[in-house]
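Colleague: Sequence and predicted structure below; questions after.
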Amino acid sequence: MKRITINEAKHHVGETVEIGAWVANKRSSGKIAFLQLRDGSAYFQGVVVKSEVGDDMFQLAKGLNQETSILVRGVIQEDSRSKFGYEMTVTDVEVVGESQDYPITPKEHGTEFLMDHRHLWLRSSKQHAIMQIRNEIILATYVFFNDNGFIKIDPPILTANAAEDTTELFHTEYFDQDAFLSQSGQLYMEAAAMAFGKVFSFGPTFRAEKSKTRRHLIEFWMIEPEMAFMDQDQSLEVQEQYVAFLVQRVLDNCEHALHVLDRDVDLLKKYTELPFPRISYDDAVVLLKENGFEDIEWGDDFGSPHETFIASSFDKPVFILNYPKAIKPFYMKPHPDRDDVVLCADMIAPEGYGEIIGGSEREVDFDKLQEAIKKFGLAEEDYSWYLDLRKYGTVPHSGFGLGLERAVTWICGTEHIRESIPFPRLLNRIYP
Ligand code: ATP
Ligand code: MG
Ligand code: MG
Ligand code: MG
């Protein structure tokens, strides 16, 4: 007998097949039992009719507990009443693994309980939908950069020096030396861009974020493209095309998952229309002041209420351009017409999801970069390899970083970033 997955059912209508699945739910009367089955590819229904399978098989089916794993055999039928469109008329059920007193019902339990049972919570239909969308965004990332002539380069995770802010670094030992877990691969990606032109990385990133927010994970995945011979304006075009492509791919390939999440698809469609609006940091400060944000002064970094307000003035993701030099890292190139701001932009997602991309054009002049390293109080010997890139054929180049989980949370329309990664690492939580 042929073994198939639930999402392959449409190709086997009328055939007798076998499926390996878990019992997600069940309801029954005296004559018929409906098994809600989950196998990771999809959910569908198995129908067990007493008069066809006999009393023993019917009692077995009727007695199955939630999360029992089974091999179920039967005939695939079209089922116009369900959204999935197919079901199975069951002829035989074989129990693989029993399940007693399954502890969680996501709708009934609070967040901490669900987080303690994350290993089981992942089985819920909502988590399944989020992970399908995460997977689609990962696939779409590879497709987008491959189609646009980028190659994937993997920067190291164990590093000897910080890319920027040292307060968020995780420290470890590297034999008799100090080492840190990577908080950004950017400096290495610049070296890669000088070697290979257009490159992107996609890997884990670690930051000891000390505050609890719904946007910050301790361990997250970042996509960091870096492009030689590209200025900041050209980089913004790549960024908006990339983000619009991610949204379009999810719309095209994750219809069911979006439905499970009750995501407003018309809003998402809007996010595929280019270009995205741009506002300068200067104008954003004015906008905030005009709207009652008295706490903000030119020179301050924006917090999430500020980002949320600015984004709410637009119906698509918005770029905030040219932040003050003093609040950005040493490697960003100053604006050619004024020295107090840098050629950088953050992309802020709509609907209160905050920053999803940070990017900039890089300083490429040896002397200016050396001076910036000194001014920021960094040890020059740590950056001597990085300065070399400005000695041997330096070129204008730009890059950016997109947080995978920020993008997943926004596109899914979920409340908190913790659900966008299988096993979230948070302040006060490294279990399970
Ligand atoms: P924020 O201002 O929200 O703290 P950031 O400016 O510190 O973010 P960058 O250093 O610019 O972040 O990193 C690039 C991207 O990585 C961000 O735009 C965001 O999408 C993502 N990111 C940064 N920190 C985190 C985190 N702790 N958890 C999840 N994603 C993050
Ligand atoms: Mg931060
Ligand atoms: Mg930021
Ligand atoms: Mg940033």
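Modeller: On my side now, so go ahead. Remember, predicted model here, so these are calculated numbers, not experimental data. Ligands and ions are numbered 1, 2, ... in the order given.
Colleague: Quick check: the residue of the stretch 251-400 of the chain found nearest ligand 1 vs Phe276, distance?
Modeller: The stretch 251-400 of the chain approaches ligand 1 most closely through Gly358 (2.6 Å), counting by CB to the nearest ligand atom. (Glycine included, C-beta is placed from N, CA and C.) Using CB to CB, to the nearest Å, Gly358 is found at 15 Å from Phe276.
Colleague: returning to that earlier point: after the helix or strand where the residue of the stretch 251-400 of the chain closest to ligand 1 lies, which helix or strand is next?
Modeller: Applying DSSP states H and E as the criterion places Gly358 in strand 354-361. Next along the chain after strand 354-361, taking DSSP H and E as the criterion, comes helix 366-375.
Colleague: Going by neighbour count, which residues in the following helix or strand past that following helix are buried?
Modeller: Next in sequence after helix 366-375, counting helices and strands by DSSP H and E, comes helix 384-388. By 16 or more other CB atoms under 10 Å, the buried positions in helix 384-388 come out as Tyr386.
Colleague: Give me the contact list for helix 384-388.
Modeller: Residues outside helix 384-388 that contact it (CB atoms under 8 Å, 6 or more residues apart in numbering): 187, 190-191, 366, 369-370, 373, 380.
Colleague: next structured bit after that helix?
Modeller: Next in sequence after helix 384-388, counting helices and strands by DSSP H and E, comes strand 397-403.
Colleague: Within its sheet, name the partner strands of that following strand and how each one runs.
Modeller: strand 219-228 (antiparallel), strand 354-361 (antiparallel) (DSSP bridges).
Colleague: which residues touch it?
Modeller: The set of residues external to strand 397-403 that reach it, using CB under 8 Å, 6+ apart, is 184, 186, 189-190, 193-194, 220-232, 234-235, 238-239, 242-243, 343, 356-362, 364.
Colleague: Can I get that strand in CSV, CA atoms only?
Modeller: This file holds the C-alpha atoms of strand 397-403, laid out as CSV (Å, rounded to 0.1, in the frame of the first residue of the first chain):
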residue,chain,number,x,y,z
HIS,A,397,29.5,49.6,-0.7
SER,A,398,26.3,49.3,1.3
GLY,A,399,24.5,46.6,3.1
PHE,A,400,21.7,45.8,5.6
GLY,A,401,20.4,43.3,8.1
LEU,A,402,16.9,41.9,8.3
GLY,A,403,15.8,40.1,11.4
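Colleague: quick one: average pLDDT of that strand?
Modeller: Strand 397-403 carries an average pLDDT of 98.
Colleague: ok, and does whatever helix or strand comes next after that strand reach over to ligand 1?
Modeller: Sequence order places helix 404-412 as the next helix or strand after strand 397-403, per DSSP H and E. Yes: counting by CB under 6 Å from any ligand atom, contacts between helix 404-412 and ligand 1 involve 405-406.
Colleague: residues making contact with helix 404-412?
Modeller: 129-130, 133-134, 137-138, 202, 215, 217, 220-223, 243, 246-247, 250, 261, 263, 268, 349-351, 353-356, 416-417, 419-421.
Colleague: Could you give the number of residues near the residue of the stretch 51-200 of the chain found nearest ligand 1?
Modeller: Nearest residue of the stretch 51-200 of the chain to ligand 1, counting by CB to the nearest ligand atom: Ser184, 6.1 Å away. The tally of other residues near Ser184 (other CB atoms under 10 Å) stands at 22.
Colleague: do the same with Thr141
Modeller: Going by other CB under 10 Å, the residues that sit close to Thr141 add up to 23.
Colleague: Leu426 too?
Modeller: So Leu426, with other CB under 10 Å, has 17 neighbours.
Colleague: Using CSV, write out every CA atom in the stretch of helix or strand Glu190 belongs to.
Modeller: Glu190 belongs to helix 186-196 when assigned by DSSP H and E. Provided in CSV are the C-alpha atoms of helix 186-196 (Å, rounded to 0.1, in the frame of the first residue of the first chain):
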residue,chain,number,x,y,z
GLN,A,186,28.7,42.6,8.8
LEU,A,187,32.4,43.4,9.0
TYR,A,188,33.2,39.9,7.6
MET,A,189,30.5,40.4,4.9
GLU,A,190,32.2,43.6,3.8
ALA,A,191,35.4,41.5,3.3
ALA,A,192,33.3,39.0,1.3
ALA,A,193,31.8,41.8,-0.8
MET,A,194,35.3,42.9,-1.8
ALA,A,195,36.0,39.3,-2.8
PHE,A,196,32.7,38.3,-4.5
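Colleague: and the angle from that helix to strand 354-361?
Modeller: 50 degrees (axes from the mean of the first three to the mean of the last three CA atoms, to 10 degrees).
Colleague: Tell me, how many residues neighbour the closest residue to Asn161 other than its chain neighbours?
Modeller: Counting by CB to CB, 6 or more residues apart in numbering, the nearest residue to Asn161 once its immediate chain neighbours are dropped is Asp382, at 4.2 Å. Residues near Asp382, counting by other CB under 10 Å, number 12.
Colleague: pretty sure Asp382 is in contact with Ala160, am I right?
Modeller: Yes: judged on CB atoms under 8 Å, Asp382 makes contact with Ala160 at a distance of 7.1 Å.
Colleague: if I look at Asn135, how far off is Cys254?
Modeller: Distance from Asn135 to Cys254, by CB to CB: 9 Å.
Colleague: Just want to know which of those two has more residues nearby.
Modeller: Using other CB under 10 Å, the more surrounded residue of Asn135 and Cys254 is Cys254, with 22 against 14.
Colleague: And that one, what's its pLDDT?
Modeller: Predicted confidence (pLDDT) at Cys254: the value is 97.
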